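Chemist: Could you look at this predicted model? Sequence included:
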Amino acid sequence: MEISLRHIIKTYGEKTVITDISLTVAGGSFTTLLGPSGCGKTTLLRMIAGLETPDSGEIYFGEHCMFSAAARRCVPPEKRGLAFVFQDFSLWPHMTVFENVAFGLRASGHTPNISRQVHDALRAVRLDTLSNRYPHQLSGGQQQRVAFARAIVIKPECILFDEPLSALDALLRAEMRLELRELVSTRGITAVFVTHDQAEAMSMSDKIAVFSGGHIEQYDPPEEIYNHPATSFVARFVGSSNWIDDHHMFRPEKACIQPLPAGQAFSVRVVSSLFLGRVYQIHLKYGNADWTYLSPVKIPAGTDFPIYIDKHDVISL
Ligand SMILES: Nc1ncnc2c1ncn2[C@@H]1O[C@H](COP(=O)(O)OP(=O)(O)O)[C@@H](O)[C@H]1O
Ligand SMILES: [Mg+2]
């Protein structure tokens, strides 16, 4: 199901939180809203769900108008056919895993074969053997999977995710990326996923909308965002960037220590080396600028050497 936002504006009192956003999310795609805290991601997601009302603009699900300020149309959340997964899981503590998943199904009026549908959803998230447990008897990752089961059990065309992995520890968070992505993609579900974590956005998304201060800076596939950032905000927010001057930068992995035919040389000095396991992350100074260089070997602090960048790898902004 395609989701189309047209000229959405939202203010709280004097403060404009969303500044005229238009965005089309392709049906069946995994689309991420990425940006720093406070830039309006949750507000936009809640407007798609119908939990907040835009001041102006229109929201369409396919051909169906869910919201139009001009036409005074606003379909309530429970009639939009969406599922929502929150960061804090929002499970009922006094209900078992089974009952938590069944609750959503009963609330949405799907009453026949509840038991089978709940077990199918729990099997999909590998929790079918734990259906009689209570949330406090589960790990954080298991609780999050209950929240996913509760979302998929109603067979929604679209699921909205608000930082669903942020409460998990780093290792589990990385594992769950793949699991979550497969869960929605294999079902053809359209996913709109909010995060402030650029690595999460890069690894999971078909397209990323990079947010800053209530507007979208760039809306493109991850490779395009990384290799061709549209603005200096995007270049700085996604990945590391080595700035040559105010308008030119390159990504650390593009630097070479061998001279390149089409290369430009830059004299740098080593400040420190950080061992990352596979490589050393070398902190360099280029004039007053701080650069990063990835090296297979440690380089002593104070070393001066030239690095070379192919001119095609220099991004102009
Ligand atoms: N109900 C509200 N009333 C007033 N201000 C709000 C409300 N909800 C969010 N805001 C403000 O809107 C801005 C965007 O918030 P939010 O959408 O939660 O950002 P994000 O999810 O990107 O961190 C913030 O400055 C926040 O303080
Ligand atoms: Mg938020």
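Modeler: In hand now; what should we look at? Ligands and ions are numbered 1, 2, ... in the order given.
Chemist: ok and the residue in the stretch 201-317 of the chain nearest ligand 1?
Modeler: As assessed by Cβ to the nearest ligand atom, ligand 1 sits closest to Phe211 within the stretch 201-317 of the chain, at 6.7 Å. C-beta: built from backbone N, CA, C; applies to glycine.
Chemist: which non-adjacent residue is nearest that residue?
Modeler: Gly35 (3.0 Å; Cβ to Cβ, 6 or more residues apart in numbering).
Chemist: what sits against that neighbour?
Modeler: Neighbouring residues of Gly35 by Cβ atoms under 8 Å, 6 or more residues apart in numbering: Lys41, His196, Val210, Phe211, Ser212, Phe237.
Chemist: possible to save those as JSON lines with neighbour count?
Modeler: Shown next, in JSON lines, are the contacts of Gly35 (neighbours: other Cβ atoms under 10 Å):
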{"residue": "Lys41", "neighbour count": "25"}
{"residue": "His196", "neighbour count": "18"}
{"residue": "Val210", "neighbour count": "25"}
{"residue": "Phe211", "neighbour count": "26"}
{"residue": "Ser212", "neighbour count": "17"}
{"residue": "Phe237", "neighbour count": "22"}
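Chemist: Show me which residues of this structure are close to ligand 1?
Modeler: Tyr12, Val17, Gly35, Ser37, Gly38, Cys39, Gly40, Lys41, Thr42, Thr43 (Cβ under 6 Å from any ligand atom).
Chemist: so what strands line up beside the strand or helix carrying the second one?
Modeler: Val17 is part of strand 15-25, with elements assigned from DSSP states H and E. The sheet places strand 15-25 alongside strand 3-12 (antiparallel), with pairing taken from DSSP bridges.
Chemist: For ligand 1, see how far away Phe30 is.
Modeler: As defined by Cβ to the nearest ligand atom, to the nearest Å, Phe30 lies at a distance of 19 Å from ligand 1.
Chemist: who touches that residue in this structure?
Modeler: Phe30 touches Arg181, Val184, Ser185, Ala191, Phe193, Met204, Ser205, Asp206, counting by Cβ under 8 Å, 6+ apart.
Chemist: Can you check my assumption that the fifth one lies in a strand?
Modeler: The reference is to Phe193. Yes: counting by DSSP: H, G, I helix; E, B strand; the rest coil, Phe193 is found in a strand.
Chemist: what does the helix or strand in which Ile309 is found contact?
Modeler: Taking DSSP H and E as the definition, one finds Ile309 inside strand 304-310. Contact with strand 304-310 is made by 250, 254-260, 262-270, 284, 293, 299, as judged by Cβ under 8 Å, 6+ apart.
Chemist: Swap in 10 Å and give it another go.
Modeler: Contact with strand 304-310 is made by 242, 244, 248, 250-252, 254-270, 282, 284-286, 291, 293, 299, as judged by Cβ atoms under 10 Å, 6 or more residues apart in numbering.
Chemist: Need the buried ones from the residues you listed selected in ChimeraX.
Modeler: A single ChimeraX command is used to select the members of these judged buried by 16 or more other Cβ atoms under 10 Å:
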select :242,244,250,251,252,255,263,266,268,270,282,284,291,293,299
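Chemist: three-state assignment of Ser115?
Modeler: Ser115 - assigned by three-state DSSP - is helix.
Chemist: Show me how far the longest helix seen in the chain is from its chain's centre.
Modeler: In the chain, taking DSSP state H as the definition, the longest helix is helix 170-185. Relative to its chain's centre, helix 170-185 lies at 12 Å (Cα atoms, centre = their mean, to the nearest Å).
Chemist: Need the residues that contact it.
Modeler: With Cβ under 10 Å, 6+ apart as the test, helix 170-185 has contacts from 28-30, 85, 121, 124-126, 139-141, 144-145, 148-149, 151-152, 156, 158-159, 161, 164-168, 189-191, 193, 197, 199-200, 203-206.
Chemist: thinking again about what came up before, residues of the strand holding Val17 that come out buried?
Modeler: Buried-residue list, strand 15-25, by 16+ other Cβ under 10 Å: Thr16, Val17, Ile18, Ile21, Leu23, Val25.
Chemist: Of the residues of the chain next to ligand 1, which pair is most distant in space?
Modeler: Largest separation among these by Cβ to Cβ: Tyr12 and Gly35, giving 17.4 Å.
Chemist: residues touching the closest residue to Lys254 other than its chain neighbours, list them.
Modeler: With sequence-adjacent residues excluded and distances taken as Cβ to Cβ, 6+ apart, Lys254 is closest to Asp313, at 4.0 Å. By Cβ under 10 Å, 6+ apart, the contact set of Asp313 is Asn227, Met249, Phe250, Arg251, Glu253, Lys254, Ala255, Cys256, Leu260, Ala262, Gly263, Gln264.
Chemist: Which of those residues scores worst on pLDDT?
Modeler: Among those, Ala262 has the lowest pLDDT, at 82.
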